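S.K.: I would like to see how this sequence folds:
(one chain, ligands or ions: 1)
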Amino acid sequence: MPHQIGKHIIELPFTESTNTYLENLLDEQDLPEGTLVITDKQTAGLGQGHNTWESEPGSNLTFSFFLKPTFLKPEEQFYLNMSVTLGICGFLSEQAGIDKMAVKWPNDIYINNKKIAGILIRNIILGDSLESAIVGIGLNVNQEKFSPGIPNPVSMFLVSERKYNLKECLESLLKHLNRQYQSLRRKEFDVLRERYLSHLFHLGVVTLFRDKERSFRGTITGITAFGELIIGHDTGETKTYGFQEITMIIDNPADYLL
Ligand code: BTN
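M.R.: Residues are numbered from 1 along each chain as shown. Down below sits the predicted model:
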């Protein structure tokens, strides 16, 4: 498989951010699809939006890979998020016997209301297709303690009370990511969407949200074909929200009540 994720691996003792490293490398040279950059230590790990990603050196998996999903139209790009998310869920369930995981829209992996993994995807669109994507994954594996500033973190160790071999974890995770990417290449959109919805955190549960203006109660009823979140408001109206337009308030919701 020419596009296999992790067929070519670049291992770095440390780097600012594997996403940034891969982006810079791609500016300088062509790389085979599936090229993966991994490090034990990121000095400036990136999270979604303006967030950073903290990870204890040597304890977790922090890596990025490069894809050319040119078979996807720009409006189908959320299916890539779904396939990556599902790859991580499949790994957690098979490798660590962890199956209480949920996907907090758009693509955070949660276990019992705590975040175990984050995904950062940078897509480049050219004309009517997705020219390339850099997918960064941070998965908390063996970390025992997190700094107090990180909201709700958890690791595989904290969930299952055992330590893991990081190399074996990477191998197994790549198997699952490749499986879901194959499903994406076959354009099994309905299957991906159904699997994603079956893991969606707080689907059908009354939840407190905050948008640009206010906090409100609503219920997630699904996602649109473009990956926007569909929320039924208490008032009876239904609205859709894109990335960064809405936050789910899980910690201390009483602090936000109207
Ligand atoms: C998030 O949940 O905010 C996304 C976190 C993504 C973190 C990973 S770690 C490897 C890759 N390199 C980065 O700088 N970020 C991603």
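S.K.: next structured bit after the helix or strand harbouring N24?
M.R.: N24 is part of helix 18-28 when elements are defined by DSSP states H and E. Counting by DSSP H and E, the next helix or strand C-terminal to helix 18-28 is strand 36-39.
S.K.: What separation do you get for E23 and L46?
M.R.: Per CB to CB, to the nearest Å, E23 is found 10 Å from L46. For every residue, glycine as well, the C-beta is placed using N, CA and C.
S.K.: no wait, Q29
M.R.: 22 Å.
S.K.: before we move on, what about L36?
M.R.: The gap separating L36 from L46 is 17 Å, by CB to CB.
S.K.: if we can go back for a sec, if you count surrounding residues, which of Q29 and L46 has more?
M.R.: A count of neighbours by other CB atoms under 10 Å puts L46 above the other of Q29 and L46, at 21 against 6.
S.K.: number of nearby residues for the nearest residue to the more buried one once chain neighbours are set aside?
M.R.: Closest residue in space to L46, ignoring its immediate chain neighbours: S17 at 4.9 Å, by CB to CB, 6 or more residues apart in numbering. Neighbour count for S17, taken as other CB under 10 Å: 22.
S.K.: Ok, the one 10 residues further on next?
M.R.: Using other CB under 10 Å, D27 is surrounded by 7 other residues.
S.K.: mind checking pLDDT for it?
M.R.: Among the per-residue scores, D27 shows a pLDDT of 95.
S.K.: wait, what's in contact with it?
M.R.: By CB atoms under 8 Å, 6 or more residues apart in numbering, the contact set of D27 is empty.
S.K.: I'd like the distance between it and the ligand.
M.R.: 16 Å (CB to the nearest ligand atom, to the nearest Å).
S.K.: going forward, begin numbering at 123 instead of 1
M.R.: All set: I'll call the first residue 123, so the last point we hit is now D149.
S.K.: picking up where we left off before, for the helix holding N146, C-alpha coordinates in PDB please.
M.R.: The C-alpha coordinates for helix 140-150 follow below in PDB (Å, rounded to 0.1, in the frame of the first residue of the first chain):
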ATOM      1  CA  THR A 140       5.700  17.200  15.100                       C
ATOM      2  CA  ASN A 141       3.000  19.000  13.100                       C
ATOM      3  CA  THR A 142       5.300  22.000  12.600                       C
ATOM      4  CA  TYR A 143       8.300  19.800  11.800                       C
ATOM      5  CA  LEU A 144       6.300  17.900   9.200                       C
ATOM      6  CA  GLU A 145       4.900  21.100   7.700                       C
ATOM      7  CA  ASN A 146       8.300  22.600   7.300                       C
ATOM      8  CA  LEU A 147       9.800  19.400   5.800                       C
ATOM      9  CA  LEU A 148       7.000  19.300   3.300                       C
ATOM     10  CA  ASP A 149       7.800  22.900   2.300                       C
ATOM     11  CA  GLU A 150      11.300  21.700   1.500                       C
END
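S.K.: how about the residues of the stretch 173-322 of the chain that lie near the ligand?
M.R.: With CB under 6 Å from any ligand atom as the criterion, the stretch 173-322 of the chain meets the ligand at residues 173, 175, 184-186, 230, 240-242, 258-260.
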